[in-house]
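[1] sequence? don't have it. structure:
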């Protein structure tokens, strides 16, 4: 393929889409078969039908997701769409996941693992890219099952898509379907995987999540989770937390799941129930060891340098980047733009493009895949 073709459309009209697809057609005329990887801002989700119609008219494969926002030229954009060329030979499939009582059905997971086993290199040279509806209730368990079936046959990377309000909505589409409760899987051939980092830090005190249900922490140490969280915020950080100011503080002091290797797994609290259960943006296993961590400081470049160090040995035509929406909420737009600009400079001359994320998936290289919050993910787009 020629140097990566990616186009940001601030306005999605038949005219702007048609003109952009002409660039993709030029690849085909030069003998390179490409498809369209489309990231569409949430407020533009009604325009997905235009993308489908245009892609079908010129017979180009379409992989698409609705996202809270885009990363374009070191800026966060809340309107429009990003259209990126990818090799049409890339194995890709859209799966609708059914689930019962917060658990994904075995049949759905088996269909996904069968697809990966069929198309991934047996020697482990490929990367599995997953686009996941953020409302799927148990993505951590899905990853556990996938690893049980597939193991290290692939590197794992992905992002959660959909509405930043976490309300259910169709958010994944191909040439003909536009669905919710799904996963789009792509097997990137001969691909080194991705880097991801957050550099959130906290104290070393640990507590046990004694009762959980999917993304809900019901009790910590046998007591209502919110009551314990209030006490921890007061004792560790001097914050008087209540239901009124919960959301304002929680994004800056999330939970973290302790890990023996690598950075801890962040879980951002987003809701408190009447019974004191705390809903997080990601599954929390029962009996998980929890701490409350302080989010990365505005102006810190630790995360940027870590991603740059990983990317330097690799050559790519661009870097597909997923930036956690909760991280941006914590930092604020000004500090977020500073971090994004620093990352763009760190990765230069490779261009950076991508989307805000509602949850991140990564394994590094040949490590167990995990579901994260607060991460920045950098994926070489080859």
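    Yep, it's here. For clarity, every value in this text was computed on a predicted model and none was experimentally measured.

[2] In contact with the most centrally placed residue in the chain: list those residues for me.
    Taking C-alpha atoms, centre = their mean, the centroid of the chain lies closest to residue 159, which sits 1.9 Å from it. By C-beta atoms under 8 Å, 6 or more residues apart in numbering, the contact set of residue 159 is 65, 67, 130-132, 322, 355, 357-361, 377. All C-beta atoms are positioned from the backbone trio N, CA, C, and that covers glycine.

[3] Is residue 371 within a helix or a strand, and which one?
    Applying DSSP states H and E as the criterion places residue 371 in strand 370-372.

[4] which stretches of this structure form helices?
    Here the chain has its helices, by DSSP state H, at 14-29, 48-57, 106-119, 139-150, 225-237, 246-250, 302-311, 325-331, 333-347.

[5] mind listing what's buried in stretch 264-274?
    By neighbour count with 16 or more other C-beta atoms under 10 Å, stretch 264-274 contains the buried residues 264-270, 272.

[6] The nearest residue in space to residue 10 that is not next to it in sequence: what's it in contact with?
    Take residue 10 and drop its neighbours on the chain: the residue closest to it by C-beta to C-beta, 6 or more residues apart in numbering is residue 80, 4.4 Å away. With contact taken as C-beta under 8 Å, 6+ apart, residue 80 is in contact with 8-12, 41, 44, 70.

[7] Narrow those residues to just the buried residues.
    Counted by 16+ other C-beta under 10 Å, the contacts of residue 80 give 8-9, 12, 41, 44, 70 as buried.

[8] Tell me which entries of these lie within strands.
    Here DSSP state E is the test, and the buried ones among the contacts of residue 80 give 8-9, 41, 70 as lying in strands.

[9] Which of those residues lies at the shortest distance from residue 218?
    residue 41 (34.9 Å; C-beta to C-beta).

[10] any idea how far residue 133 is from the closest one?
    As judged by C-beta to C-beta, to the nearest Å, residue 41 and residue 133 stand 16 Å apart.

[11] Likewise for residue 217?
    To residue 133, residue 217 is 22 Å away according to C-beta to C-beta.

[12] Could you do residue 218 as well?
    For residue 218, the distance to residue 133 equals 24 Å [C-beta to C-beta].

[13] what's across from the closest residue to residue 276 other than its chain neighbours in the sheet?
    Nearest residue to residue 276 in three dimensions, chain neighbours excluded: residue 224, at 3.0 Å (C-beta to C-beta, 6+ apart). On the basis of DSSP bridges, residue 224 is bridged to residue 219.
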